[in-house]
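Peer 1: Sequence and predicted structure, then a few things I'm wondering about:
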Amino acid sequence: MSKLIVRSASGEHVYTIDDEIGIGRHPKCAVCLHDSMVSKRHAMIRKVGEDYIFEDTGSSNGSFIDGVRVRRHKLKDGDQITMGKVTLQFQAETEAEKLAKRVNISHVSDISQVQDRIQVSSMEKFMPEASVSDLSVLRGDYEKLRLGNELMQNIGLERDLTAALEKVCAELVRIFAADRCVVMLDEDSTGEMKPTAMHTAAGKDEAVRVSESVLREVRESRTAVLLSDTSMDDRFSQVSSLILQGIHSVMCAPILYDGAFFGVVHLDSQRTHASFSRKDLQLLTGIVRYVAMTVSNTRLVHQIEEEAASKAQFERLLSPSVVEQVMSGKVVLDKGGELRDVTILFADIRGFTSLSQRSSPTSVVAMLNQYFETIVDVVFKYSGTVDKYIGDEIMVLFGAPVSVDRPADRAVACALEMQGAMEQFNIDRERNGEEPIQIGIGINSGEVVVGAIGSTKTMQYTCIGDAVNVASRLTGMAGPGDVMVSETTLNQLHSKAEYDVLEPVQLKGIDGKLDVYNIQELLADTMERKLIL
C-alpha cells in the first residue's frame with residue numbers, strides 16, 4: 001500500500017493512500033495540515049491506473065517537489081513534497097507488498113485430497129528405462145530432467161535471492177507445464193510465510209490461492225505433497241475444494257537445508273490434461289534441494305556481510321577487546337537501558353571556529369581525521385569507548401558497555417596522554433607549515449543511563465544523565481592543555497595525582513557551585529600503572 005509520510009512541527013504522521021487523498025488546512029481534508037501557508041484545500045493525490053498523480057488544486061503559495069513548483073506531477077518513490085513549512089514524502093508500494101496482495105491464503109482444508117507424499121530427506125530413484133514402454137513418455141521425462149538439470153546449474157549464479165527465485169518460478173512453470181508457481185519464505189520469527197517470488201504461465205497479475213492446511217502439512221511433516229482434484233474419483237462424494245478454485249493439481253515442496261526449514265515451493269495446474277504425477281514430484285524435490293542451498297548460502301552471505309559491517313562500525317567506536325566481546329555475544333547492545341556508574345570524558349579543540357574560518361574545508365576535514373586518529377588510539381589503549389563525535393568534539397565512556405577496573409584512573413591517564421600526544425601532533429603540523437591546535441578536556445563520574453538508543457534501523461550505544469552534562473560543561477571551561485575534573489572523579493582516583501584547585505564554579509543547569517580541579521600528573525607506581533592498562 002502506498003503511503004504519505006507527513007513531517008511538521010507537530011511530529012511525523014503516516015497516511016495510507018487508497019484511490020485518492022485530499023491535503024489541506026480544512027478539517028475535512030484526510031491530511032489536515034496546521035500551517036498558515038497551506039490553503040484550505042491545497043492538493044490531491046489520485047491513483048490513475050498503476051500511477052499516483054499529485055495535483056495542486058490552485059493553492060495560494062504553491063506546492064514544491066524537490067524544490068520545483070508543480071501543478072501536476074506523477075509521483076515516484078521518495079518524492080519530497082513541500083507545502084509551507086510541511087514536508088510530505090511519497091512512499092510507493094513495494095514489490096513485496098504487491099506480491100503479497102496477489103497470494104491469498106485459503107483456510108479450506110485440502111489435506112484429504114493429498115494423493116502422494118515424498119520425504120525430502122531421502123531421494124527416491126526413478127524407474128529404469130526398461131520399465132518405460134512408451135517412448136514419448138520417456139522423451140518427455142528426459143526433457144524435464146534436462147531442463148531441471150540446467151536450472152540446478154544456473155541457480156547459484158544469481159547473487160540476488162529474489163531475482164534467483166523469480167527465475168526458479170519461471171523455469172518450474174515451463175518444466176512442469178504448470179499455470180502458476182509461488183515461492184514462500186519464512187521472513188521472521190513469527191513462523192508466517194510470505195511470498196517472495198511468483199510466475200504465471202499467462203503472464204498476468206492474477207491472484208493465486210494457496211491452502212493454509214497444505215502449507216502447515218508440508219512444514220510439519222517435512223514432506224513434498226501432491227494433490228489432485230478428487231471430485232472426479234467415485235470414492236469421494238463431496239465437492240472438491242480444489243475444483244471450487246478452478247485447480248486440478250497441486251505440488252508443494254518444503255525448502256529444507258541442514259535441518260532448517262526456509263519455506264515452500266508451490267505449483268498448481270488448472271488443466272485436467274496437465275495434472276502432475278509422482279515423477280514430477282520426485283523431480284521437484286530434487287530441484288528444491290538446490291533452491292534450499294541457494295537460500296541458505298544467500299542468507300549466510302548476507303549474515304556475514306552484516307557482521308562484517310557491524311564489526312567495522314564497532315571498531316570505530318570500541319577498543320579491539322570490546323569488539324571481540326560484542327561479536328562473540330558476551331556483550332549485547334540491545335535496545336533498553338541500565339543504570340551504571342561510569343566516567344565520561346569530553347575533548348574539544350580550542351578556537352576551532354576561527355581556525356575553520358582561516359582554513360579551506362578540505363584542510364579542516366583532513367586535520368580532524370588526523371586528530372581523531374591520534375587520540376582514538378589513546379582512548380582504545382585505556383579501554384575507553386568512543387560514544388560519539390560532535391564536530392571537533394569527542395565523547396568517551398569508561399566503564400560502559402564493558403565494566404573496567406578503575407574507570408576514573410583510566411579516564412585521567414587517557415586525558416593526560418592525549419595532551420602529550422598533541423605535542424607530537426603539533427610538531428608534525430608545524431613542520432608542514434600548519435598552525436598547531438590545542439584541546440581542552442573535561443571529565444566527570446557518576447550514575448547514568450546507558451544503552452542502545454534509536455530506531456530498529458539505526459541504534460547508537462550512548463549514555464544520558466546529569467553526569468554527562470557536567471562533563472560537557474567542564475570541557476567548555478577547560479583551556480588549552482587543561483584536564484579539568486570534578487570532585488566526584490577526583491575522589492574515585494586510586495592513583496595519587498598532582499592538581500591545581502580552582503575556584504568553585506556555577507554550571508548552567510546544575511544546582512550549587514561545583515569544586516573543580518585541573519590535573520597536572522598521575523603519580524602511580526609500576527603496579528598501579530599495570531592495573532590501569
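Peer 2: Perfect, thanks for sending it. Residues are numbered from 1 along each chain as shown.
Peer 1: residues near residue 255, how many?
Peer 2: Other residues lying near residue 255 total 26 when counted by other C-beta atoms under 10 Å. C-beta coordinates here come from the backbone N, C-alpha and C atoms, glycine included.
Peer 1: Quick one: mean pLDDT for the helix or strand hosting residue 447?
Peer 2: Here residue 447 sits within strand 439-454, counting by DSSP states H and E. What strand 439-454 shows for mean pLDDT is 85.
Peer 1: got the contact list for residue 28?
Peer 2: Residue 28 makes contact with residue 22 under the criterion C-beta atoms under 8 Å, 6 or more residues apart in numbering.
Peer 1: Low-confidence ranges, the stretch 351-500 of the chain, go.
Peer 2: Flagging of the stretch 351-500 of the chain using pLDDT under 70 yields the residue ranges 452-461.
Peer 1: Helices along that one, start to end?
Peer 2: Ranges of helices within the stretch 351-500 of the chain are 352-358, 361-381, 407-431, 466-477, 487-492, based on DSSP state H, counting those that start in this stretch.
Peer 1: got it, and the stretch 151-300 of the chain?
Peer 2: Using DSSP H, counting those that start in this stretch, the helices of the stretch 151-300 of the chain run over residues 161-175, 212-221, 241-244, 278-317.
Peer 1: so how far is residue 177 from residue 271?
Peer 2: To residue 177, residue 271 is 8 Å away according to C-beta to C-beta, to the nearest Å.
Peer 1: ok, the nearest residue to residue 199 once chain neighbours are set aside - contacts?
Peer 2: Spatial nearest neighbour of residue 199, chain neighbours left out: residue 169 (3.7 Å); criterion: C-beta to C-beta, 6 or more residues apart in numbering. For residue 169, the contact set (C-beta under 8 Å, 6+ apart) comprises 181-183, 197-199.
Peer 1: now the helices of the stretch 351-500 of the chain as a markdown table including distance to residue 53?
Peer 2: Shown next, in a markdown table, are the helices of the stretch 351-500 of the chain (distance: least, C-beta to C-beta, whole Å):
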| stretch | distance to residue 53 |
| --- | --- |
| helix 352-358 | 46 |
| helix 361-381 | 41 |
| helix 407-431 | 58 |
| helix 466-477 | 50 |
| helix 487-492 | 62 |
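Peer 1: Make a markdown table out of the ones you listed and add mean neighbour count and distance to residue 214.
Peer 2: Listed next are these as a markdown table, based on neighbours: other C-beta atoms under 10 Å; distance: least, C-beta to C-beta, whole Å:
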| stretch | mean neighbour count | distance to residue 214 |
| --- | --- | --- |
| helix 352-358 | 12 | 66 |
| helix 361-381 | 16 | 56 |
| helix 407-431 | 19 | 59 |
| helix 466-477 | 21 | 57 |
| helix 487-492 | 18 | 66 |
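Peer 1: picking that back up, list the buried residues for the strand holding residue 447?
Peer 2: By 16 or more other C-beta atoms under 10 Å, the buried positions in strand 439-454 come out as 439-446, 448, 450-451.
Peer 1: which of the helices of the stretch 151-300 of the chain sits most buried?
Peer 2: When the helices of the stretch 151-300 of the chain are scored by mean count of other C-beta atoms under 10 Å, the highest mean neighbour count falls to helix 161-175 (a mean of 20).
Peer 1: what about that one, average pLDDT?
Peer 2: Helix 161-175 comes out with an average pLDDT of 84.
Peer 1: follow-up on the earlier one: of all pairs in the contacts of residue 169, which one spans the longest distance?
Peer 2: By the measure C-beta to C-beta, 183 and 199 form the most distant pair in the contacts of residue 169, at 9.3 Å.
Peer 1: Between these two, which has more neighbouring residues?
Peer 2: residue 183 (27 against 22).
Peer 1: check contacts around the more buried one.
Peer 2: Shown in contact with residue 183 (C-beta under 8 Å, 6+ apart): 165, 168-169, 195-198, 255, 263-266, 291.
Peer 1: and what of residue 8?
Peer 2: Listed by C-beta under 8 Å, 6+ apart, the contact set of residue 8 reads 33-35, 85-87.
Peer 1: What residues are bridge-paired with it?
Peer 2: Using DSSP bridges, the beta-bridge partners of residue 8 come out as residue 11.
Peer 1: That one and residue 76, how far apart?
Peer 2: Distance of residue 8 to residue 76, computed by C-beta to C-beta: 23 Å.
Peer 1: again with residue 216
Peer 2: Distance, residue 216 to residue 76, by C-beta to C-beta: 40 Å.
Peer 1: Okay, now the unreliable bits of the stretch 151-300 of the chain?
Peer 2: Within the stretch 151-300 of the chain, the segments meeting pLDDT under 70 span 151-159, 188-191, 203-205, 229-246, 272-274.
Peer 1: switch the cut-off to 80
Peer 2: For the stretch 151-300 of the chain, applying pLDDT under 80 flags the ranges 151-160, 187-192, 202-209, 211, 228-248, 271-275, 286, 297-300.
Peer 1: you'd agree residue 13 is up against residue 23?
Peer 2: No: checked against C-beta atoms under 8 Å, the pair residue 13 and residue 23 is beyond contact range at 12.0 Å.
Peer 1: and the two? which has more neighbours close in?
Peer 2: Comparing residue 13 with residue 23 by other C-beta under 10 Å, the one with more neighbours is residue 23, at 29 against 14.
Peer 1: Can you point out the buried residues in the host helix or strand of the more buried one?
Peer 2: Per DSSP H and E, residue 23 falls inside strand 20-24. For strand 20-24, the neighbour count (16+ other C-beta under 10 Å) marks 21-24 as buried.
Peer 1: nearest residue to residue 254 other than its sequence neighbours?
Peer 2: That would be residue 218: by C-beta to C-beta, 6+ apart, it lies 5.0 Å from residue 254.
Peer 1: So the one you found sits against residue 225, correct?
Peer 2: Yes: the criterion here is C-beta under 8 Å, and residue 218 meets it with residue 225 at 6.0 Å.
Peer 1: between the two, what contacts are shared?
Peer 2: Common neighbours of residue 218 and residue 225, counting by C-beta under 8 Å, 6+ apart, are 252-253.
Peer 1: Quick check: residue 488 touching residue 446?
Peer 2: Yes: with contacts defined as C-beta under 8 Å, residue 488 counts as touching residue 446 at a distance of 5.9 Å.
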